[in-house]
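Predicted model and sequence below, questions to follow.
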Amino acid sequence: MPKFEPNAILRGAQLTLVGAHRALQNPGLFKSEHYKQAALAVCSGIAIHLVVAIPIVAVKLVIWLLSWVMDLESAVWDDKVVGTLDFVSNYVLQVPFFLMTLMRYITPTLDNMFMESLRWVDITYTQKHKDDDPTTLRPMYYDNLRMYSKGGMSHGKKSSLAPLKAFAIRYGKRTGMALAVYILSHLPLVGRFVLPCASFYTFNKAVGLGPAAVVFGTGLLEPYFSRVKFTADQKRRWFLDRDGVLFGFAVGFYLMIRIPVLGVLLYGIAEASTAYLVTKITDPPPPPAYSEGFAEGQVAWTNKHLFLKLPLDSLDFPVVKAREGKKIS
């Protein structure tokens with residue numbers, strides 16, 4: 001079980017704000033293909049919501065009219081019907097977010113946004129330190145990382161549909177559990193215990209690697225991990241060594257992207273901000289030809305304590321240096 005350090009969580013929350021501010025300074029952010037897709041997803045979600053909302057409102061109106069001619073005070077069927085309709089309505093509100101999450105596995109727009117934001121972070125870093133001694137500055141991230149090929153582990157090929165299949169399984173399990181909890185909560189006698197038990201189960205699972213590891217491992221950090229080849233064990237240890245900062249960074253964005261409709265737009269900012277996060281918790285990657293052993297060298301966050309001690313106005317202080325692996329023969 002990870003032990004979140006309060007200082008690490010606070011630094012992660014600070015990186016959320018600084019990363020979002022840095023991303024919003026990029027003049028090309030809202031011109032990206034992602035936001036064209038986001039606008040389409042929002043419009044689709046609103047249209048679907050209206051299609052579903054009209055019959056829901058009609059049914060509620062019929063129940064209200066029936067209450068004038070029938071005694072519904074002692075009846076429970078009307079409450080169950082209204083509760084079911086509200087449940088369906090709330091899930092429909094998440095359709096735009098589902099569509100945007102799905103698009104990650106179909107089009108490279110979020111991946112492109114991450115790389116463009118990483119380039120912007122390097123540019124702003126260079127401009128901010130243009131009067132400093134060049135030998136004291138950190139190496140650039142974008143120039144080398146863009147040369148890495150995207151895909152699975154180098155020692156085995158995976159189907160291009162594997163990430164999409166994994167997403168479908170994850171989302172299907174989550175939806176199935178939500179439906180099961182909802183149905184079981186209406187059972188007599190045991191229904192009242194279902195929600196507390198489900199909440200405990202969810203919390204117990206969350207503290208395994210931490211909510212941040214779950215959110216980022218399957219989402220925002222995917223453009224980085226699709227290029228720098230980590231094994232499953234290396235990735236697990238990588239997250240564990242950064243769990244506090246990742247949790248602090250994740251929690252704010254996670255709450256915001258759950259906001260219906262608006263969350264879809266914030267998802268792009270979260271992805272762009274992750275590029276800034278990467279420059280703080282990893283070393284600049286070497287050229288691909290010298291990347292052997294680099295992933296293992298990144299498992300331990302070597303300058304963790306130094307970075308956590310930096311004052312907020314010194315987050316761009318160059319505390320990282322290039323860490324090269326062996327040349328790939």
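Sure, I can see it. Numbers count the residues shown, from 1 in each chain.

who's in contact with Arg227?
Counting by C-beta atoms under 8 Å, 6 or more residues apart in numbering, Arg227 touches Leu145, Tyr148, Ser149, Lys150, Pro285. Every residue, glycine included, has its C-beta placed from N, CA and C.

Pick out the most distant pair among the residues you listed.
For those, the farthest-apart pair by C-beta to C-beta is Lys150 and Pro285; their separation is 13.6 Å.

Pick out whichever of these two has more residues nearby.
Using other C-beta atoms under 10 Å as the criterion, Lys150 and Pro285 rank with Pro285 on top: 29 against 11.

So the more buried one, which state does it fall into?
Using DSSP: H, G, I helix; E, B strand; the rest coil, the structure places Pro285 in coil.

burial of the residue nearest to it when sequence neighbours are not counted, as a residue count?
Leaving aside its chain neighbours, Pro285 sits nearest to Asn144 (4.8 Å; criterion: C-beta to C-beta, 6 or more residues apart in numbering). Number of residues near Asn144 (other C-beta under 10 Å) recorded here: 18.

Enumerate every residue touching Asn144.
Residues near Asn144 by C-beta under 8 Å, 6+ apart: Pro284, Pro285, Pro286, Pro287, Pro288.

Do a quick rundown of the helices in the stretch 1-150 of the chain.
All helices of the stretch 1-150 of the chain, identified by DSSP state H, counting those that start in this stretch, fall at 6-24, 33-69, 77-92, 95-103, 109-128, 142-145.

swap in the stretch 201-329 of the chain?
Per DSSP H, counting those that start in this stretch, the stretch 201-329 of the chain carries helices over the ranges 211-217, 222-225, 232-240, 243-257, 262-281, 294-298, 304-309.

Out of the ones you listed, which gets nearest to His129?
His129 sits nearest to helix 262-281 of all the helices of the stretch 201-329 of the chain, at 13.2 Å, using C-beta to C-beta.

which helices and strands sit right next to the closest one?
Packing partners of helix 262-281 (3 or more C-beta pairs under 8 Å, 6 or more residues apart in numbering; DSSP states H and E): helix 6-24, helix 33-69, helix 95-103, helix 109-128, helix 222-225, helix 243-257.

So for Pro284, what's the pLDDT?
In this model, Pro284 is scored at 92, pLDDT.

May I ask you to confirm that it is in contact with Tyr125?
No - using C-beta atoms under 8 Å, Pro284 is not in contact with Tyr125, being 11.1 Å away.

Quick check: neighbours shared by those two?
Residues touching both Pro284 and Tyr125 (C-beta under 8 Å, 6+ apart): Arg138.

so where's the stretch 1-150 of the chain shaky on pLDDT?
Along the stretch 1-150 of the chain, the model assigns pLDDT under 70 to residues 1-4, 32, 34-35, 37-38, 40-42, 44-45, 48-49, 71-80, 82-105.

at 50 instead, please
Along the stretch 1-150 of the chain, the parts satisfying pLDDT under 50 run over 1.

Can you show me the CA trace of stretch 228-247 as CSV?
C-alpha atoms of stretch 228-247 as CSV (Å, rounded to 0.1, in the frame of the first residue of the first chain):
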residue,chain,number,x,y,z
VAL,A,228,9.4,4.8,-23.7
LYS,A,229,9.1,1.0,-23.4
PHE,A,230,8.5,-0.1,-19.8
THR,A,231,7.7,-3.6,-18.7
ALA,A,232,4.6,-4.1,-16.6
ASP,A,233,6.7,-4.4,-13.4
GLN,A,234,8.8,-1.4,-14.3
LYS,A,235,5.7,0.7,-14.8
ARG,A,236,4.2,-0.5,-11.5
ARG,A,237,7.4,0.6,-9.6
TRP,A,238,7.5,3.8,-11.6
PHE,A,239,4.0,4.7,-10.4
LEU,A,240,4.8,3.7,-6.8
ASP,A,241,7.8,6.0,-6.5
ARG,A,242,5.7,8.9,-7.7
ASP,A,243,2.3,8.0,-6.2
GLY,A,244,2.0,11.1,-4.0
VAL,A,245,2.7,13.7,-6.7
LEU,A,246,0.5,11.8,-9.2
PHE,A,247,-2.4,11.6,-6.8
